[in-house]
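Visitor: Need coordinates for the following:
(2 chains)
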Amino acid sequence: MRDSDTKDLELTRTLAAPGEPFVWLTAMGLALGLIMVVGLLGVIVANGLPVFWPSKIVEVHLKPGVKNPLPNSGDTLTGELVQTREKRIPVLSATGDKIEDQTEIQIFVGNKDVNGSGFAFLNNTDIASLSEPRGIYRLERMEYGIAFAYPKSLQLADGTSVPANSPAFTQTLARLDAESAARRSEIEKIEKHDIGAINSRITQLRAKGKGSPESLKEIAALDADYQLLAAKARELRAIQAAAALIYTTPNGIERRLPVGELVAFNLPNTLDFTQKLGLFFHNIWNFLSLDPREANTEGGIFPAIFGTFVMTLLMSLAVVPFGVVAAIYLREYARQGLAVRAVRIAVNNLAGVPSIVFGVFGLGFFVYFVGASIDSTFFGEYLPTPTFGTGGILWAAATLALMTVPVVIVATEEALAAVPRGMREGSLSCGASKWQTIQRIILPASLPGILTGLILAMARGAGEVAPLMLVGVVKLAPSLPIDGAFPFVHLERKFMHLGFHIYDLGFQSPDSEAAKPMVFATTLLLILLVVVLNLAAILIREKLRKRYATGAF
Amino acid sequence: METTVNTTTEGRPDFISIRDFSFFYGKKQALFDISLDIPERQVTAFIGPSGCGKSTLLRNLNRMNDLIDGIRHSGDIVVNGRSIYDPHIEVISLRKRVGMVFQKSNPFPKSIYENVVYPLRVSGQNKKSVLDETVERSLQGAALWDEVKDRLHESGLSLSGGQMQRLCIARAIANRPEILLMDEPCSALDPIATVKVEELIRELKQEFTIVIVTHNMQQATRCSDRTAFFYLGKLVEFDETPKIFSNPAQKQTEDYITGRFG
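Guide: Predicted coordinates for the structure are as follows:
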């Protein structure tokens, strides 16, 4: 009897144990969230980073009788292994239809100019053996992407040629590559910067000079300059085409590649670990610092990083003053009543409006109304070509600022409300006016809270894509919103954005298979950019917290 | 700022004159027909149990209660001959003449120096020599100068509780007000800090008219010249402090000061 009593007691205790199941339940909620975040980041990192790691080139030997997916290639196929995947195919057999699993290998074969497509798929069962040819080159070209090649010789500009088996070959190739890179940037400087400046000046003169003799004279002078520069660019281009690399593709077709078209080259199968590591970081740096090539699937994404950064900064500059001023009125001046409560609810609801609606509003209001008004007032001579009356980075930033302003208002209101009452009374009792109190005491003390609002706004704004598509983001912007040409900051320009770049690469690209790694790498970068911007704001906030800590009470 | 020339040590006996003053928070009446004359350059203590309206009255002397929604008053408060509710007087200029020290010390999250000169800065005074002179005078006036003179540019929040309260006193007297209101200035301080603040009050009365709200009966006897006892929003008794504490006229007063209630 006593025994069972003790048992009952123990049982009750376990069941009614102080909230134990709820601790588990809440912990599970957090754990689930963490797992999903870590999983997402893991997938992005795992898919994004290997893009930059140089992989080996394999030669695949097919079993006899198997159809080679590449034309004129016999029974071999050369390229980089991309992935292995299972596919289920229906198989006809004596007993009837059944489904069989088969392993399929995706191979990046490059040489798009010869093969037509960059990728080939093979059934695992069709492969006889694999080998790693040591002498094969990986050539990065301006056009047609990567080539896998066995070099034959170098044709120099003076007509001599260096055969691939001579000891000077690699050195000469490296030298030619460096020279052509220098010439390429010179051509770009002439065409983009110098000729661009002349063009914009001529457009300006045509619009403003209205055919006056002085303007015509200046246009003629500029035209002469233009001819000179264009001739120089033509000359450089001719030099770029003079020397060439002669190589054969793995299926034996001989090609001629002018060195001007060669971006980079290496021998992937002979690289040791340190060389690979060097190449890895080199690739990452190129990705971060170069302009995109070939419908954005090759090259870097610097303009998109820069565009996202500048747009987020502009958005912050617009959203903070606007949100803070609104919050000050709501919290400090407005009579707390039904009307203010209604406004507050409306502001909170504004945060829930789909972002595309803000995009449409931005297009209708900022671009077509404000922008067009600016154009007709200040840039009338350029019409019908719009200056501000079309999507641009300024309107994109303004639209996002409008979208994120509720976040800043709510955070600022909370920060203002958290300033101790004693502080306000102390200031007022010193004979300060209400505005002096707000400006000298309340605002500094609530700055950390305001920055929290800004952090949330930036995190939301930097990753937004849908509204931007309507108000100024483009697939490929010819120039950056900030550059060396007067007046240096060009807020009317269209810009590139990492978020839109992801969408464009993944879903609008002509070769989405080739763009897939870039999608992951770009996603990784966008997340990193948001983290960096947030970290900066958090650091500033911590500094301010220390300075304006509201005491021991 | 007006200065009254007084040849006698006794100042004007009705420097602050509260006349039939009633005060309402919304529908709730907090003060009932208070009439009271506070003499110049003396310490007047308001005592009474919690919720008796003594703080409310004090906060009306510099119109600090204006911040609260739905307040209403009748009667008048006259300081040095002029009504503080005179529509021609700006509340800011009134507060410049009436300094205030709060129950909870409330230094600003600024340096000690900036805390003290804040009243001057908001009046548009930015001349360094004037500010420097004010900091030294006010901190000396608040008996804090020797402790902080070497670290004037450290945060005001780095001080101890007692020092913070004296910093607030220094701030309250920086602009040379005529009146100093103190709302339980020692309730958050330890006994040693309390003694210092009380000594300070006795010194400051040479220059200022002080009104102090306190819960501490000993404090009222130690540092006030006159004491007003409030109960449930009414002024029960107002007389010289020794008289109130030794021979009160009202039974309620006697009950309160002997600790029978409150």
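Visitor: what about the helix or strand bottoming out on mean pLDDT in chain B, near chain A?
Guide: Here the helix or strand of chain B ranked lowest by mean pLDDT, DSSP states H and E is helix B:191-204, holding a mean of 85. No. Using C-beta under 8 Å from any C-beta of the partner chain, we find that helix B:191-204 stays clear of chain A, coming within 14.3 Å at best. Where you see a C-beta, it was placed from the backbone N, CA and C, and this is true even at glycine.
Visitor: Show the average pLDDT along the next helix or strand after that helix.
Guide: Note on helix B:191-204: by DSSP states H and E, the next helix or strand toward the C-terminus is strand B:209-213. The predicted model assigns strand B:209-213 a mean pLDDT of 93.
Visitor: Starting from strand B:209-213, tell me which strands it pairs with and how they run.
Guide: Sheet pairing of strand B:209-213 (DSSP bridges) gives strand B:43-47 (parallel), strand B:179-183 (parallel).
Visitor: and the residue lying closest to A:Thr387 once chain neighbours are set aside, how many neighbours does it have?
Guide: In this structure, A:Thr387 finds its nearest non-sequential neighbour in A:Phe379, 4.2 Å apart by C-beta to C-beta, 6 or more residues apart in numbering or on different chains. Neighbour count of A:Phe379, defined by other C-beta atoms under 10 Å in any protein chain shown: 17.
Visitor: cool, A:Gly484 as well?
Guide: Per other C-beta under 10 Å, the neighbour tally for A:Gly484 reads 8.
Visitor: where does it land on pLDDT?
Guide: On the pLDDT scale, A:Gly484 gets 70.
Visitor: again, but for A:Leu15
Guide: For A:Leu15, pLDDT reads 53.
Visitor: Throw the strands paired with strand B:209-213 into a markdown table and include mean neighbour count and mean pLDDT, thanks.
Guide: Shown next, in a markdown table, are the strands paired with strand B:209-213 (neighbours: other C-beta atoms under 10 Å in any protein chain shown; pLDDT from 0 to 100):
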| stretch | mean neighbour count | mean pLDDT |
| --- | --- | --- |
| strand B:43-47 | 27 | 92 |
| strand B:179-183 | 24 | 91 |
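Visitor: Could you work out which of these reaches nearest to A:Arg545?
Guide: Distance to A:Arg545, taken as C-beta to C-beta, is lowest for strand B:179-183 among those, at 29.4 Å.
Visitor: one step back: gap between the residue nearest to A:Thr387 and A:Gln204?
Guide: 10 Å (C-beta to C-beta, to the nearest Å).
Visitor: cool, B:Ser246 as well?
Guide: B:Ser246 is 95 Å from A:Gln204, by C-beta to C-beta.
Visitor: More neighbours: the two, which one.
Guide: More crowded of B:Ser246 and A:Gln204, by other C-beta under 10 Å: A:Gln204, with 13 against 10.
Visitor: Over to that one. Which of the three states is it?
Guide: helix (DSSP: H, G, I helix; E, B strand; the rest coil).
Visitor: Buried by neighbour count: which residues of the least confident helix or strand of chain B qualify?
Guide: Neighbour counts over helix B:191-204 (16 or more other C-beta atoms under 10 Å in any protein chain shown) mark B:193-194, B:196-198, B:200-201, B:204 as buried.
Visitor: What is that helix packed up against?
Guide: helix B:161-173, strand B:209-213, helix B:217-223 (3 or more C-beta pairs under 8 Å, 6 or more residues apart in numbering or on different chains; DSSP states H and E).
Visitor: got a list of what A:Phe287 touches?
Guide: A:52, A:300-301, A:521 (C-beta atoms under 8 Å, 6 or more residues apart in numbering or on different chains).
Visitor: Out of these, which comes closest to chain B?
Guide: Chain B lies nearest to A:Ile301 out of the contacts of A:Phe287, by C-beta to the nearest C-beta, at 43.6 Å.
Visitor: Hmm, A:Asn286 and that closest one touching each other?
Guide: No. Using C-beta atoms under 8 Å, A:Ile301 is not in contact with A:Asn286, being 10.2 Å away.
Visitor: quick one: which of those two has more around it?
Guide: The residue with more neighbours, out of A:Ile301 and A:Asn286, is A:Ile301; 26 against 16, by other C-beta under 10 Å.
Visitor: Ramachandran angles for that one?
Guide: phi -130, psi 30 (degrees, to the nearest 10).
Visitor: Next, work out how far apart it and A:Leu525 are.
Guide: A:Ile301 is 7 Å from A:Leu525, by C-beta to C-beta.
Visitor: what about residue 38, how many neighbours?
Guide: With no chain named, the answer covers chain A. A:Val38: 10 neighbours (other C-beta under 10 Å).
Visitor: Actually, chain B is the one I wanted.
Guide: Applying other C-beta under 10 Å, I find that B:Ile38 has 25 neighbouring residues.
Visitor: Which residue is the nearest non-sequential neighbour of it?
Guide: B:Ile16 (4.0 Å).
Visitor: okay, now the one you found: neighbour count?
Guide: 22.
Visitor: Can you give me the pLDDT of it?
Guide: For B:Ile16, the model assigns a pLDDT of 90.
Visitor: doesn't B:Leu181 make contact with it?
Guide: No. Using C-beta under 8 Å, B:Ile16 is not in contact with B:Leu181, being 10.0 Å away.
Visitor: shared neighbours of the two, anything?
Guide: Listed as contacting both B:Ile16 and B:Leu181 by C-beta under 8 Å, 6+ apart are B:61, B:211.
Visitor: thinking again about what came up before, now the strands paired with strand B:209-213 in CSV, with distance to B:Leu235?
Guide: Shown next, in CSV, are the strands paired with strand B:209-213 (distance: least, C-beta to C-beta, whole Å):
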stretch, distance to B:Leu235
strand B:43-47, 9
strand B:179-183, 17
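Visitor: For A:Val367, which of those is the nearest?
Guide: strand B:179-183 (57.7 Å).
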